[in-house]
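J.: here you go, sequence then predicted model.
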Amino acid sequence: MVEVFVTSIRNEMQAERILAALQTGFPALRVNIDLSDSAAGFPCGHSILRAEGATFQPENIRVAVNEAGFMCDVLEDKICK
């Protein structure tokens, strides 16, 4: 299972702190953060957090990142017409 989130994490120091917390709280997951679109304010400027594992509840990841002081929402699938 892979879930993608948009977050308000803006720099490498914040990303490292969140990654460490997520790896401690969810050791079975592979997690990474892409900061390439984080210059503007959330949600237009955002970072992408990807979590991958056998099974997990995306809500638990969202809550953990929110409790650390950052916005975090599941990236919704959009179909372009």
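T.: In hand now; what should we look at? Residues are numbered from 1 along each chain as shown.
J.: ok, and the closest non-adjacent residue to Gln23?
T.: Among residues not flanking Gln23 along the chain, Val31 sits closest, at 6.6 Å (C-beta to C-beta, 6 or more residues apart in numbering). The C-beta positions use only the backbone N, C-alpha and C, and glycine is treated the same way.
J.: ugh, wrong one, Leu22
T.: Excluding the flanking residues, the one nearest Leu22 by C-beta to C-beta, 6+ apart is Val31, at 4.8 Å.
J.: Gln57 - how many residues pack around it?
T.: Neighbour count for Gln57, taken as other C-beta atoms under 10 Å: 10.
J.: if we can go back for a sec, elements contacting the helix or strand hosting the residue nearest to Gln23?
T.: Using DSSP states H and E, Val31 falls within strand 30-34. Contacts defined by 3 or more C-beta pairs under 8 Å, 6 or more residues apart in numbering; DSSP states H and E place strand 30-34 against helix 12-25, strand 47-52.
J.: centroid-nearest residue for this protein?
T.: Closest residue to the average C-alpha location of the chain: Leu49 at 3.0 Å, with C-alpha atoms, centre = their mean.
J.: just checking, it touches Leu35?
T.: No. Between Leu49 and Leu35 there is no contact under C-beta atoms under 8 Å: 10.1 Å.
J.: output the below-cut-off pLDDT ranges for the protein.
T.: Counting by pLDDT under 70, the ranges of the chain that qualify are 37-45, 78-81.
J.: hmm, back to that, ok, which of the helices and strands packed on strand 30-34 comes nearest Ala64?
T.: Evaluated with C-beta to C-beta, the helices and strands packed on strand 30-34 place helix 12-25 nearest to Ala64, the distance being 5.8 Å.
J.: thinking again about what came up before, the strand holding Val31 versus helix 12-25: what angle between them?
T.: With axes from the mean of the first three to the mean of the last three C-alpha atoms, to 10 degrees applied, the angle from strand 30-34 to helix 12-25 works out at 170 degrees.
J.: strands paired with strand 30-34, and their directions?
T.: Sheet pairing here is set by DSSP bridges, and for strand 30-34 it gives strand 47-52 (antiparallel).
J.: flag every buried residue along the strand it pairs with.
T.: Within strand 47-52, the residues scored as buried using 16 or more other C-beta atoms under 10 Å are 47-49, 51.
J.: many thanks, we can stop here.
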